[in-house]
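Engineer: The following comprises the amino acid sequence and a computationally predicted model.
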Amino acid sequence: GMGVWRERNEHEQHEAANAQVYDRAWWWPELLKPKRYKAVDGGRGGAKSWTFAQALLHLGSQRPLFIVCAREIQNSLADSVKKLIEDEIRRMNLESYYRSTREEIQGVNGTRFVFKGLRSNPDAVKSLEGCDICWVEEAQSISQESLDMLIPTVRKEEYNDDGELVWQSEVWFSWNEKAVMCPVGERFPKDNPYDNTYRLRVNYYDNPFLPSVLFEEAQACRVLFPARYRSIWLGETGHTEFQILRPEWWPLYVDYTDVERRCTYKFITADTAFETGQENDYSVFQFLGIENRQRLYMLDEVYGKWEF
């Protein structure tokens with residue numbers, strides 16, 4: 001259970017007010033400032049989920065909020081961040097503000113946390129239409145289809161008497177970038193061009209409370225598996241030691257005409273996908289050239305989703 005459902009007495013309020021600021025990342029205050037989108041990615045150990053949970057619990061204690069915690073697929077509540085939020089409630093001494101029911105987490109002031117899967121879920125759409133904040137956890141798994149549905153659906157706004165926008169609903173994304181750029185990573189690039197977006201990459205070295213065992217694991221990975229380290233621990237795309245052709249083998253050339261002239265052998269490769277669905281791979285055609293059996297050039301490439 002989540003403790004007794006009651007108001008704090010005077011002594012407890014004093015204790016809470018004088019408690020140390022614990023386990024909070026340096027970027028925690030940024031999540032409290034109004035922005036339509038908050039997008040935070042990075043590698044393992046960056047405390048992204050903990051920090052999001054802390055900020056949402058804090059905001060939910062200040063005013064009644066309807067918060068949807070979403071992911072692409074949620075077969076049961078065990079897949080969700082519900083337990084993580086419950087643990088954070090205990091760590092923040094907020095048991096008298098929040099209680100956990102079987103399906104959701106509720107605040108004494110009317111704040112509600114609900115947990116939804118997005119894929120093919122009409123119930124999620126209904127929740128999103130009324131929500132104040134939607135937190136998409138493990139957003140690297142969100143399909144383009146779900147992203148296209150989500151963003152316009154979370155659209156609650158408040159205006160003053162003069163017709164000026166004074167408040168709008170927010171969408172928060174936290175994710176570990178995959179080896180290949182995901183839809184949410186494309187929508188919110190690292191060099192953020194949008195005024196209405198807070199964009200950040202955090203890694204294990206940004207987490208002042210990182211357990212030493214995780215730090216040691218990261219350093220061992222850095223020495224032994226550099227590509228894996230950049231992918232898992234730094235949250236960079238395009239790095240995996242299982243690739244046969246590694247990115248660092250491909251420098252950029254400038255003069256296409258000169259390169260094509262030097263190629264002694266040219267050929268086209270085709271890697272076709274059988275389906276054109278959202279979750280299917282692209283079909284890729286490459287025009288390649290070889291110079292004197294020593295150097296391979298990519299001369300042209302086209303990719304897309306087609307029926308064959």
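Structural biologist: Nice, I can see it.

Engineer: Within the helices and strands, which one has the nearest residue to Ser80 once chain neighbours are set aside?
Structural biologist: The spatial neighbour of Ser80 that comes closest, neighbours along the chain excluded (Cβ to Cβ, 6 or more residues apart in numbering), is Phe115 at 3.9 Å. In short, each C-beta sits where N, CA and C put it, glycine included. Following DSSP states H and E, one finds Phe115 within strand 112-117.

Engineer: other SSEs contacting that strand?
Structural biologist: Packing partners of strand 112-117 (3 or more Cβ pairs under 8 Å, 6 or more residues apart in numbering; DSSP states H and E): strand 66-71, helix 82-91, strand 105-107, helix 122-130.

Engineer: and among the ones you listed, the most buried is which?
Structural biologist: Most buried of these, by mean neighbour count (mean count of other Cβ atoms under 10 Å): strand 66-71, with a mean of 24.

Engineer: Just name whatever secondary elements it is in contact with.
Structural biologist: By 3+ Cβ pairs under 8 Å, 6+ apart, strand 66-71 packs against strand 112-117, helix 122-130, strand 133-136.

Engineer: Can I get these in TSV including distance to Gln106?
Structural biologist: Below are the helices and strands packed on strand 66-71 laid out as TSV (distance: least, Cβ to Cβ, whole Å):
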stretch	distance to Gln106
strand 112-117	6
helix 122-130	15
strand 133-136	15
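
Engineer: tally of neighbours for Ser143?
Structural biologist: Residues near Ser143, counting by other Cβ atoms under 10 Å, number 18.

Engineer: Quick check: it touching Val184?
Structural biologist: No - with contact defined as Cβ atoms under 8 Å, Ser143 does not count as touching Val184 (9.9 Å).

Engineer: before we move on, the earlier item: least confident of the helices and strands packed on strand 66-71, on average?
Structural biologist: Among these, helix 122-130 carries the lowest mean pLDDT, at a mean of 85.

Engineer: Now do it against strand 112-117, angle only.
Structural biologist: Relative orientation of helix 122-130 versus strand 112-117 (axes from the mean of the first three to the mean of the last three Cα atoms, to 10 degrees): 140 degrees.

Engineer: which strands and helices sit next to helix 122-130?
Structural biologist: On a contact count with 3+ Cβ pairs under 8 Å, 6+ apart, helix 122-130 meets strand 66-71, strand 112-117, helix 144-153.

Engineer: quick revisit: show residues contacting the strand holding Phe115.
Structural biologist: Residues from elsewhere that reach strand 112-117 (Cβ atoms under 8 Å, 6 or more residues apart in numbering): 56, 60, 65-75, 77, 79-82, 85, 103-106, 123-124, 127-128.

Engineer: can you check stretch 145-152 too?
Structural biologist: 70, 72, 118-119, 125, 128, 134, 136, 142, 171, 183-184, 187, 278.

Engineer: now these as JSON lines including distance to Leu214?
Structural biologist: Below are the contacts of stretch 145-152 laid out as JSON lines (distance: Cβ to Cβ, whole Å):
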{"residue": "Ala70", "distance to Leu214": "27"}
{"residue": "Glu72", "distance to Leu214": "26"}
{"residue": "Leu118", "distance to Leu214": "30"}
{"residue": "Arg119", "distance to Leu214": "31"}
{"residue": "Val125", "distance to Leu214": "38"}
{"residue": "Leu128", "distance to Leu214": "34"}
{"residue": "Cys134", "distance to Leu214": "29"}
{"residue": "Val136", "distance to Leu214": "24"}
{"residue": "Ile142", "distance to Leu214": "26"}
{"residue": "Val171", "distance to Leu214": "29"}
{"residue": "Pro183", "distance to Leu214": "28"}
{"residue": "Val184", "distance to Leu214": "25"}
{"residue": "Arg187", "distance to Leu214": "29"}
{"residue": "Gln278", "distance to Leu214": "34"}
